Each structure stands twice: as C-alpha cells, then as structure tokens.
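# Only the shape, not the letters, is given here:
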C-alpha cells in the first residue's frame, strides 16, 4: 500500500494536481509519524493494518470537518474536504454496504457464540481483525449491540 501511495504522489506531482499532491503528502507524513512511533517501541514500521487505520481516521476527520463546514455555510471548504476524503478512500479496500455489515456481524456473533453484552468486545475485536478498513466499526458496534440485547 505504501508503494501505491508513493506512486500516486509521483503521478500527482507530474500532473501538477495540487489537491491530490497535498493530500497524499499528508497521508505519507501521517504514516511516517507512526513509523517513528513504532521504532520507539522496537518495531521496524507500522503494519498494513495500521496504515488502513490511519487512512480510516483521516477520512473520519474529514467527514467531521465537512459536517462543521456545511453547518457554518462554508460550502467551498466542505467541498475541499470531500475531495480530500475521496482521494484517501482510493487506498482503502472496498467498503461493505449496510446489508453486508449486518450479515457479517450476525455471522461473527454466531461463530463466537456470543450471547450477551459482555461478549460485545470479543465480537468487535474479531470483526476489526478480520475486516480491517472494510466497514464502519461505529455502525457495526451498534448492530452487534442490538443483536446481543
């Protein structure tokens, strides 16, 4: 994934696509920051799963900014954030739709034989390990909770 981001950045520089260049530089910087942090913990660099988490977090930040800008009537800034989020999404795996998330949650609850809210953490950890970057875990958490009640 790192190579893919680097190649896209190189392409954006050659094409002089300023929005894409700036966004991919932010992504690269965030990954490098995490690599430095990982070295401090005795690891070489962050894993692909952690890179997916970084990208998901960056998208979530932009979605929050979009909401704030739209509420404040700053539509041009909201559009800029949308464009950045779209660029970042290109590097994430295909997101599951709501129906797929519900089916996956039901399957996980059944596989792990979860029967109450005390098993919710176990189910969510399983989903996060099995489907990194493929679903909105906030929504999945609500679905799992409703299944376990």
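Alright, I've got the coordinates. None of these values were measured; they are calculated from a predicted model.
# This protein - how does it break down into domains?
For the chain, automatic domain parsing gives the domain ranges 2-89, 98-148.
# For the one helix or strand residue 88 maps to, which outside residues touch it?
Element membership for residue 88 (DSSP states H and E) is helix 75-89. Residues from elsewhere that reach helix 75-89 (CB atoms under 8 Å, 6 or more residues apart in numbering): 19-20, 23-24, 26-27, 55, 58-59, 62-63, 65-66, 69-70. C-beta here means a position set from N, CA and C on the backbone, and glycine is covered the same way.
# Repeat that for stretch 132-140.
Contacts of stretch 132-140 (CB under 8 Å, 6+ apart): 49, 52-53, 55-56, 92-96, 98, 100-101, 104-105, 124, 127-128.
# about what we covered before: which of the contacts of helix 75-89 has the most neighbours?
Comparing the contacts of helix 75-89 by number of neighbours (other CB atoms under 10 Å), residue 24 comes first, having 25 neighbours.
# Helix, strand, or coil at that one?
helix (DSSP: H, G, I helix; E, B strand; the rest coil).
# my read: it touches residue 9, true?
Yes. With contacts counted by CB atoms under 8 Å, residue 24 reaches residue 9, the gap being 4.1 Å.
# coming back round to it: pull out the buried positions in the helix holding residue 88.
78, 80, 81, 82, 84, 85, 87, 88 (16 or more other CB atoms under 10 Å).
# between these, which is closest to residue 14?
Relative to residue 14, the closest of these is residue 87; by CB to CB it sits at 16.0 Å.
# what are the phi and psi angles of the residue nearest to the spatial centre of the chain?
What sits nearest the mean C-alpha location of the chain, by CA atoms, centre = their mean, is residue 56, with 1.6 Å. Main-chain dihedrals, residue 56, degrees, to the nearest 10: phi -60, psi -40.
# ok now do it, which residues does it touch?
Residue 56 touches 92, 133, counting by CB under 8 Å, 6+ apart.
# That'll do, ta.
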